[in-house]
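>>> Sequence and predicted structure, then a few things I'm wondering about:
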2 protein chains.
Amino acid sequence: MANPVVAEIRRGSLVESRHRGSIAVVDANGSIVLALGDIDTLVYPRSAVKAMQALVLMEAGAAERFKLSDEALALACASHGGEPGHVAVAEQMLAAAGADASALECGAHWPSHAASAQALARSGKSATALHNNCSGKHAGFICAACALGVDHRGYIDPAHPVQRAVKAVLQDLTGVAIADEHRAVDGCSVPTWAIPLQALARGFARFGSGTGMTPGRAKAAQRLRAACAAHPWHVAGTGRFCTAVMEHFGARVFVKTGAEGVFCGAIPQSGLGVAIKCDDGAARASEVTMAGVIERFVPLDDADRAALGRLQHPTLRNWNGIEVGAIAPAR
Amino acid sequence: MANPVVAEIRRGSLVESRHRGSIAVVDANGSIVLALGDIDTLVYPRSAVKAMQALVLMEAGAAERFKLSDEALALACASHGGEPGHVAVAEQMLAAAGADASALECGAHWPSHAASAQALARSGKSATALHNNCSGKHAGFICAACALGVDHRGYIDPAHPVQRAVKAVLQDLTGVAIADEHRAVDGCSVPTWAIPLQALARGFARFGSGTGMTPGRAKAAQRLRAACAAHPWHVAGTGRFCTAVMEHFGARVFVKTGAEGVFCGAIPQSGLGVAIKCDDGAARASEVTMAGVIERFVPLDDADRAALGRLQHPTLRNWNGIEVGAIAPAR
């Protein structure tokens, strides 16, 4: 059976496009608060679990050992736009561990932040691995390896101690024994492990509340959440949804996008975790869907509602700035 | 009822994302040869009908009067990448009509062809309306207005003689009386008229075969098809699907993409027209779906099959060039 429509693209008097998907909102014990569509579906979480992957960095003691700033911890959880400020922090992280950009194994791509890409080209330079949206996560993996006292080379390999630790963290938080055949390769070359959507949501309920985790892991999660809440620009960047949500809501809401229409989040106050997968992989749909979940599960005042309204109902404008349509969560 | 899955994104051992949509393949009389999903759905054809819009340019006598090259006629039908060769032809078209880039009312955007955008930035310049993927169509509208002896200013307005002529052509070819409330504004600011999918397919059956059109219109369509077949790079650009299809198949297949997952085409030899709409607006899905339709309805030899296989089953590679998945039409 098809998943329900979660977001619509309107143009003129008609719905031009429709996005289907599934939504799981659960508590740290796995009790389901909202289930829309197939929440048992296996989902590659992609970049949506970067904060969980960063727990390995924390638990290796890399944050203390290399005196990583909160900006650096936020960047370790980020899919950033490759803006100069993001690149600078990634470089600092690598330098702190005695490495440099040549240690990054994520591959290079141009900044997704258009103005930064244009400025980079204008300066006569080309894209490097530091501009890769995952460079903070990868710098974090390298810091983790160094803190663990293992060779960082090959840190993207599933058999490397860092990736084995990542898998263990994911299994612990989601409560799922991940089968080997559910491993695929992510855009930045690290493993991505398919996990049922509702288990991902449970993992984020734990990540957001500390419930069901060892005290050390709960403390590490708390510090990562606080770093992201304090430096949301480092988690995504200028004009980005994750940044806008956390700039407004601060520590009340943690959100993180992933490729192919995945969105995960936590509402620490109510102990809830959220996992969204748009069937077709569209970020525009997963974003307004996440905004709709926040509207429903976070207590809101008028300022919250105004901020959320802009995120939930983005206007579509054409190249002349004329309003031609809108994106909205389906009702 | 949900439309069927038309394309899948595979990663590792799983299907990561799924695209639904509808497909209509009909002949010039409107007889349905293939109907998948809801083919009565109202679809904004967006850029997929640029070749029909260009009939107005032909019928105004602009091609002869301004001695437009076949490259220019192909560019009038194009959603181009803003590569230097595209920009040059758009400038030539405008100059031929005694106008320049300031006459374009499409708005500016950076070239979608990444290397051209980087080169433009590197040269210290910025994007102009000439780089807009629709600049050839707009230059054609301006040529049409000049050939009709009317002021080209305001040519994007639904009440302008050029847009009224476009609407008349669309109604004639598709056989649909288009209601005023089915008008919306396209990305380049001209009207886009919602038309039932199967009527769009019928329009392309007529456009491709000449059947059901006046002799003059049939001749104009034939010249536009020949121009696109001879200069497919001008219809899209480097690395683009429309270009690859017509580079290989020449006059045997006419295809044109539109925003939001629309794809239209014609198979002149068999008198068939094709219209595809992916529900969620994804181009990657509409492309492999079109490749699947070509495989089914065009007689193929081994070289055709090899060329089509690459278009039908694109490999997904990550930033390190590692093969991580594939896109494929659903079976």
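That came in fine, so what should we check first? Numbering: from 1, shown residues only, chains lettered A, B, ... in the order given.
>>> so A:A227 touches A:A63, yeah?
No - using Cβ atoms under 8 Å, A:A227 is not in contact with A:A63, being 9.2 Å away. (Each C-beta comes from the backbone N, C-alpha and C, glycine too.)
>>> joint contacts of these two?
Common contacts of A:A227 and A:A63, defined by Cβ atoms under 8 Å, 6 or more residues apart in numbering or on different chains, comprise A:L73.
>>> Name the SS class of whichever residue of the stretch 151-300 of chain A sits closest to chain B, please.
Residue nearest to chain B within the stretch 151-300 of chain A: A:A184 (2.8 Å; Cβ to the nearest Cβ). State at A:A184, reduced to three classes by DSSP: H, G, I helix; E, B strand; the rest coil: strand.
>>> got a list of what it touches?
A:44, A:191-192, A:194, B:11-14, B:16, B:324-325.
>>> Tell me the spatial nearest neighbour of it, not counting adjacent residues.
Excluding its sequence neighbours, the residue lying closest to A:A184 (Cβ to Cβ, 6 or more residues apart in numbering or on different chains) is B:G12, at 2.8 Å.
>>> Show me which of the contacts of A:A184 are buried.
A:44, A:191-192, A:194, B:11-12, B:14, B:16, B:324-325 (16 or more other Cβ atoms under 10 Å in any protein chain shown).
>>> circling back: adding secondary structure, distance to A:T174 and pLDDT, write the contacts of A:A184 out as JSON lines.
Listed next are these as JSON lines, based on DSSP: H, G, I helix; E, B strand; the rest coil; distance: Cβ to Cβ, whole Å; pLDDT from 0 to 100:
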{"residue": "A:Y44", "secondary structure": "coil", "distance to A:T174": "13", "pLDDT": "98"}
{"residue": "A:P191", "secondary structure": "strand", "distance to A:T174": "15", "pLDDT": "98"}
{"residue": "A:T192", "secondary structure": "strand", "distance to A:T174": "13", "pLDDT": "98"}
{"residue": "A:A194", "secondary structure": "coil", "distance to A:T174": "11", "pLDDT": "98"}
{"residue": "B:R11", "secondary structure": "strand", "distance to A:T174": "19", "pLDDT": "97"}
{"residue": "B:G12", "secondary structure": "coil", "distance to A:T174": "17", "pLDDT": "96"}
{"residue": "B:S13", "secondary structure": "coil", "distance to A:T174": "19", "pLDDT": "95"}
{"residue": "B:L14", "secondary structure": "strand", "distance to A:T174": "16", "pLDDT": "97"}
{"residue": "B:E16", "secondary structure": "strand", "distance to A:T174": "18", "pLDDT": "98"}
{"residue": "B:V324", "secondary structure": "strand", "distance to A:T174": "22", "pLDDT": "95"}
{"residue": "B:G325", "secondary structure": "strand", "distance to A:T174": "23", "pLDDT": "95"}
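>>> Turn those into JSON lines, including distance to B:E295.
JSON lines is the format used below for the contacts of A:A184 (distance: Cβ to Cβ, whole Å):
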{"residue": "A:Y44", "distance to B:E295": "29"}
{"residue": "A:P191", "distance to B:E295": "34"}
{"residue": "A:T192", "distance to B:E295": "31"}
{"residue": "A:A194", "distance to B:E295": "30"}
{"residue": "B:R11", "distance to B:E295": "24"}
{"residue": "B:G12", "distance to B:E295": "26"}
{"residue": "B:S13", "distance to B:E295": "25"}
{"residue": "B:L14", "distance to B:E295": "25"}
{"residue": "B:E16", "distance to B:E295": "23"}
{"residue": "B:V324", "distance to B:E295": "25"}
{"residue": "B:G325", "distance to B:E295": "21"}
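>>> Can you tell me which of those comes closest to B:A119?
Proximity of these to B:A119 (Cβ to Cβ) peaks at B:V324, which lies at 28.6 Å.
>>> Check whether that closest one really touches A:V190, as I assumed.
No - counting by Cβ under 8 Å, B:V324 does not reach A:V190; the two are 11.2 Å apart.
>>> just for the stretch 151-300 of chain A, where's the confidence low?
In the predicted model, the stretch 151-300 of chain A carries no residue with pLDDT under 70.
>>> now the strands: where do they sit in the stretch 1-150 of chain A?
Secondary structure of the stretch 1-150 of chain A by DSSP state E, counting those that start in this stretch: the strands cover A:5-11, A:14-27, A:32-36, A:42-43.
>>> Okay, buried residues for the longest one please.
Buried positions in strand A:14-27, judged by neighbour count with 16+ other Cβ under 10 Å: A:14-27.
>>> Same list, these, but as TSV with distance to A:A129 please.
As requested, these are exported to TSV (distance: Cβ to Cβ, whole Å):
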residue	distance to A:A129
A:L14	44
A:V15	41
A:E16	38
A:S17	34
A:R18	37
A:H19	32
A:R20	35
A:G21	32
A:S22	34
A:I23	34
A:A24	34
A:V25	36
A:V26	36
A:D27	39
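>>> wait, which of those is closest to chain B?
Closest approach between those and chain B, by Cβ to the nearest Cβ: A:S17, at 3.7 Å.
>>> per-residue confidence for the closest one?
At A:S17, the model reports a pLDDT of 98.
>>> Correct me if wrong: it contacts A:I9.
Yes - A:S17 lies in contact with A:I9 (Cβ under 8 Å); the separation is 4.1 Å.
>>> quick one: the nearest residue to A:G321 once chain neighbours are set aside and A:A139, what's the gap?
Leaving aside its sequence neighbours, A:G321 sits nearest to B:G107 (Cβ to Cβ, 6+ apart; 7.6 Å). According to Cβ to Cβ, to the nearest Å, B:G107 stands 39 Å off from A:A139.
>>> which residues does the residue nearest to A:A184 contact?
Contacts here follow Cβ under 8 Å, 6+ apart; on that basis B:G12 touches A:44, A:181-185, A:192, A:194, B:324-325.
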